[in-house]
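Enquirer: What follows is a protein structure lacking sequence information:
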């Protein structure tokens, strides 16, 4: 029995040793396999609750899966971190920025990401770029500051901005405003929770100054996350615009929810009338693909700026089919399943990373080398040319003008950098020589009138509640032009030629134009300055057009010449000797001297050989005088002419 137990124990020990050996061999094989297969972690910091965020996630997942299916020894792993949109947290200005920063730090520390992508606004991209620079992790942002920062490449060496500044877009908007002759504009934007307007307003002001227009008023909307009653607040904010003259609205930036409330209330309050014009920037135009038909119908007549990208390439068609299938399956509640510009940027961002990591498949490279490879990318992606210069896309984007019509939008003209409006992507220099004042070629449908042929005036008609304030000079030198009857009673209208002319011109307009005359008892220069500083809407009176005044205001065509004139009766002085009046005594003396000189020369040449000059001295002088005078009025005989020529020749030989 003892021997049998010993044998069993030995067999059991041998079996255990064999089992441990097998386990060790298997674990080493798995470890070797894991060492051969490398995984690169990519962090995405986006808002997963927004339409843009959903498009970005879908595009990234498609690109990552496509890359992983091609290579067996290298893979990509996508980690998405969302800041969320808790209204209570986002109400504070720093919270959203801090959430983005915390999300970025969490991706770097916990998931050991190699690169971070996302960030649709510069206010939130800047702090993440700071963290990426400190941790030496490359950051690809889908946005850029409105104004190019001169030292951004030195401050954030690990940041690559897949966008351009707003100068080209604002230049395009200014060209539209210039082509329709609008002089005043109202700028609208939603204040970020981080604060500020990102420089868009400053760039627009500069672009409008170049064309002679200005911003009459800036309407700053509070952050949508801080509002408890959005409709009421929106009505109160829009009420501020009723007293303003301009009806050209440029919406610089707003969230999708704020955009919906803005246009719904603007339509209800009459700001979408036929004399109004609305222009939206690229970021707001991207919402049109996700808005339902009822929302888009409230935006009918709006002009939008959209970044152009080609849809004819085979690469885009392949991505389009995959995106539409995945997006429809993943987000069934969405009405539109087509990708926008941010989905294309997300796709290109993954491609930038994969091309930059080609050297990491077999050899490891540092984060600095990876950042340098990202910034040296040079290829054509779905969103356009990908080439960086000082951390930003080097090529200005081609823009497309779109027009909301009914429950959809149509595409109009292109805006080509350094050229202007064009019907196609080819410069049409032969058509308008690059003159941006030419305006849009496509037919624009304006608000409130689908059959409107004329362009909107861009300013509101005065009403009885707010008539035109017309200033008139209170004290004038010529009362026939303007005369204020009673200085103490300003309700009594002045009279005079200028006043009558103004009233007749008003009747020709064809519509009612409420006005109110206000006498101004000061100098004419002060009266002109009152128009310049918006105290008066216009001035009617005998005001002389001077250079210093023309720099402040615009004058109508003058209807009376300046200066003094005198009218006197004319006396007729008819006489038979009127022809002698132009001759002075000096002229008579010169004529007589020339006649005597000629007479002497004739006598000297003729008196020796010409028998007609024979006789006494008195006879010779009379003959010479007669010959000289007659030669002035009629020609002599041929013989006399030849004889005179012979005498002249003989005299020449004698001399």
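Expert: In hand now; what should we look at? Keep in mind that what you see is a predicted model, and the values were worked out from it rather than measured. Numbers count the residues shown, from 1 in each chain.
Enquirer: Measure how buried residue 505 is and give me the count.
Expert: Here the number of neighbours of residue 505 (other CB atoms under 10 Å) works out to 12. Any C-beta I mention is one placed from the backbone N, CA and C, and that applies to glycine too.
Enquirer: Got the phi and psi for residue 224?
Expert: phi -60, psi -30 (degrees, to the nearest 10).
Enquirer: mind checking how far it is from residue 191?
Expert: In this structure, residue 224 and residue 191 are separated by 10 Å, where distance is defined by CB to CB, to the nearest Å.
Enquirer: so residue 399 touches residue 166, yeah?
Expert: No. Counting by CB atoms under 8 Å, residue 399 stays clear of residue 166, with 11.3 Å between them.
Enquirer: Among those two, which residue is more densely surrounded?
Expert: It is residue 166, of residue 399 and residue 166, that has more neighbours when counted by other CB under 10 Å, with 27 against 24.
Enquirer: What separation do you get for the nearest residue to residue 559 once chain neighbours are set aside and residue 556?
Expert: Leaving aside its chain neighbours, residue 559 sits nearest to residue 501 (6.8 Å; criterion: CB to CB, 6 or more residues apart in numbering). When distances are taken as CB to CB, residue 501 and residue 556 turn out to be 10 Å apart.
Enquirer: Comparing the two, which residue is more hemmed in?
Expert: Looking at residue 501 and residue 556 with other CB under 10 Å, you find the greater number of neighbours at residue 501, namely 15 against 11.
Enquirer: Might you report the residue contacts of the residue nearest the centre of the chain?
Expert: With distances taken as CA atoms, centre = their mean, the residue of the chain nearest its centroid is residue 171 (2.0 Å). With contacts defined as CB atoms under 8 Å, 6 or more residues apart in numbering, the neighbours of residue 171 are residue 207.
Enquirer: would you say it is within a helix?
Expert: Yes. Assessed by DSSP: H, G, I helix; E, B strand; the rest coil, residue 171 belongs to a helix.
Enquirer: measure it to residue 398 for me?
Expert: With distances taken as CB to CB, residue 171 is found 13 Å from residue 398.
Enquirer: When residue 224 and residue 191 are compared, which one has more neighbours?
Expert: When residue 224 and residue 191 are compared on other CB under 10 Å, the one with more neighbours turns out to be residue 224, at 23 against 17.
Enquirer: Can you check the pLDDT for that one?
Expert: The predicted local distance difference test score for residue 224 is 82.
Enquirer: Ok, residue 357 next?
Expert: In this model, residue 357 is scored at 77, pLDDT.
Enquirer: oh, and call the first residue 24 from now on, that's how I've got it
Expert: All right, first residue 24 from here; so that's residue 380.
Enquirer: give me every residue that touches it.
Expert: Counting by CB under 8 Å, 6+ apart, residue 380 touches 63, 97, 137, 388, 393, 396.
Enquirer: just residue 258 next, same as before
Expert: By CB under 8 Å, 6+ apart, the residues touching residue 258 are 288, 292.
Enquirer: Distance of it relative to residue 239?
Expert: The gap separating residue 258 from residue 239 is 21 Å, by CB to CB.
Enquirer: domain ranges for this protein?
Expert: Taking the TED database as the domain assignment, the ranges for the chain are 491-574, 601-671.
Enquirer: TSV please, covering those domains and showing mean pLDDT.
Expert: Putting those into TSV (pLDDT from 0 to 100) gives the following:
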stretch	mean pLDDT
domain 491-574	83
domain 601-671	72
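Enquirer: how about low-confidence regions in the stretch 124-273 of the chain?
Expert: Per-residue confidence of the stretch 124-273 of the chain (counting by pLDDT under 70) places the weak regions at 124-134, 215-221.
Enquirer: how near is the residue nearest to the centre of the chain to residue 541?
Expert: Taking CB to CB as the measure, residue 194 and residue 541 are separated by 40 Å.
Enquirer: How about residue 433?
Expert: As for residue 433, its distance to residue 541 is 47 Å (criterion: CB to CB).
Enquirer: what are the ranges of the helices in the stretch 224-373 of the chain?
Expert: Assigned by DSSP state H, counting those that start in this stretch, the helices in the stretch 224-373 of the chain fall at 253-262, 279-291, 305-308, 316-320, 337-353, 364-379.
Enquirer: Would you mark the buried spots in the fifth one?
Expert: Pointing back at helix 337-353 there. Of the residues in helix 337-353, those with enough neighbours to count as buried (16 or more other CB atoms under 10 Å) are 339, 342, 343, 345, 346, 349, 350.
Enquirer: Lovely, talk soon.
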